[in-house]
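**Q** Could you work out the structure for the sequence below:
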Amino acid sequence: MARGGGTQRLSTMTTGELSNTSPSGPCERIRALPRTYLERNPGRIGGAAMSAGLQAAVAPHPGLPLGAGAAGPLTRVRLLRIAGKLDVRLRFGRPLRIVRLAPHRRVALFVPIAVFCRIQRELDGERVTRSDLLILMASAAQTGIKIVDGITPAVHVLAHASGEVPVNLVLQQIGVIAAQGIDPAAVAPAYWRTLHNRLSAGMALPDYSPERHAGYLANRVVR
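**A** Have a look, this model is predicted:
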């Protein structure tokens, strides 16, 4: 495990390892898929994805929720689709806006503390060869955060599933929550952490009822 500049780099990480990792500095690095198409073909993606065309998009504007600008920078999530090779998309989330950089490349912008889910799949034609799912919270602080490839700045990782079966289990649970009329992006962050721990332990995933959600929202109002 290489270390440099106070940042811990994790070349690979399984679902179970996420909850057992203790950062040695203010943030860690998590690479969702080792030796991914992105890493093998850096020229296809281009470093300009987060530069010139994006600078205007991240400037303050009237649509930014009150106080969000002062809480921290916008989180930028790279979304990418290369037919038969790579698919990086959002499963849920409320991006402030999505910037189209190229026909196959976009960047979603999130305000601090926004919760979202990113799915990354490597493909061999129609066949999925690698799957990775992350439920993340855009960071408003510099502690307890992880560096995730394709996302800047670092974020809080609430849940992580790697492999087709664990990813599908989490997707099914997200679908159950949405079917109750609950936006998964508004679910209590503590629930996603519990889901991650249950998934890591091979246990049944926890339920999230409308009553629990109402209690979470009421508690937020009190605070």
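**Q** Which element is encountered next along the chain beyond the longest strand seen in the chain?
**A** Counting residues, the longest strand found in the chain (DSSP state E) is strand 127-138. Counting by DSSP states H and E, the next helix or strand C-terminal to strand 127-138 is strand 145-148.
**Q** list the helices and strands that next one packs on?
**A** Identification of packing neighbours for strand 145-148 by 3 or more C-beta pairs under 8 Å, 6 or more residues apart in numbering; DSSP states H and E yields strand 27-30, strand 155-162. Every C-beta, even on glycine, is put in place using the N, C-alpha and C of the backbone.
**Q** does Pro166 sit in a helix, a strand or a coil?
**A** Classification of Pro166 by DSSP: H, G, I helix; E, B strand; the rest coil places it in helix.
**Q** Quick check: it touching Leu199?
**A** Yes. Using C-beta atoms under 8 Å, Pro166 is in contact with Leu199, at 6.0 Å.
**Q** Looking at those two, which is more packed in?
**A** A direct count of neighbours by other C-beta atoms under 10 Å for Pro166 and Leu199 places Leu199 higher, at 23 against 19.
**Q** just to revisit the earlier point, what are the pairing partners of the longest strand of the chain, and which direction each?
**A** The sheet places strand 127-138 alongside strand 115-124 (antiparallel), strand 155-162 (antiparallel), with pairing taken from DSSP bridges.
**Q** could you dump these to CSV with distance to Ala108, mean neighbour count and mean pLDDT?
**A** Formatted as CSV, the strands paired with strand 127-138 follow (distance: least, C-beta to C-beta, whole Å; neighbours: other C-beta atoms under 10 Å; pLDDT from 0 to 100):
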stretch, distance to Ala108, mean neighbour count, mean pLDDT
strand 115-124, 8, 20, 96
strand 155-162, 12, 24, 96
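**Q** Make TSV out of those strands and add distance to Arg193.
**A** Converted to TSV, the strands paired with strand 127-138 look like this (distance: least, C-beta to C-beta, whole Å):
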stretch	distance to Arg193
strand 115-124	11
strand 155-162	6
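**Q** Quickly find the element holding Ile174.
**A** helix 164-179.
**Q** Show me what secondary structure element comes after that helix.
**A** Immediately after helix 164-179, counting by DSSP H and E, sits helix 189-200.
**Q** Now that next one: average pLDDT?
**A** Averaging pLDDT along helix 189-200 gives 98.
**Q** Identify the spatial nearest neighbour of Leu96, chain neighbours not counted.
**A** In this structure, Leu96 finds its nearest non-sequential neighbour in Leu109, 4.8 Å apart by C-beta to C-beta, 6 or more residues apart in numbering.
**Q** what about Ala114, how many neighbours?
**A** Neighbours of Ala114 using other C-beta under 10 Å come to 22.
**Q** I figured it hits Met137, correct?
**A** Yes. Counting by C-beta under 8 Å, Ala114 does reach Met137; the two are 7.1 Å apart.
**Q** what residues are shared contacts of the two?
**A** The contact sets of Ala114 and Met137 do not overlap (C-beta atoms under 8 Å, 6 or more residues apart in numbering).
**Q** in which helix or strand would I find the residue nearest to Leu96?
**A** Element membership for Leu109, per DSSP H and E: strand 105-110.
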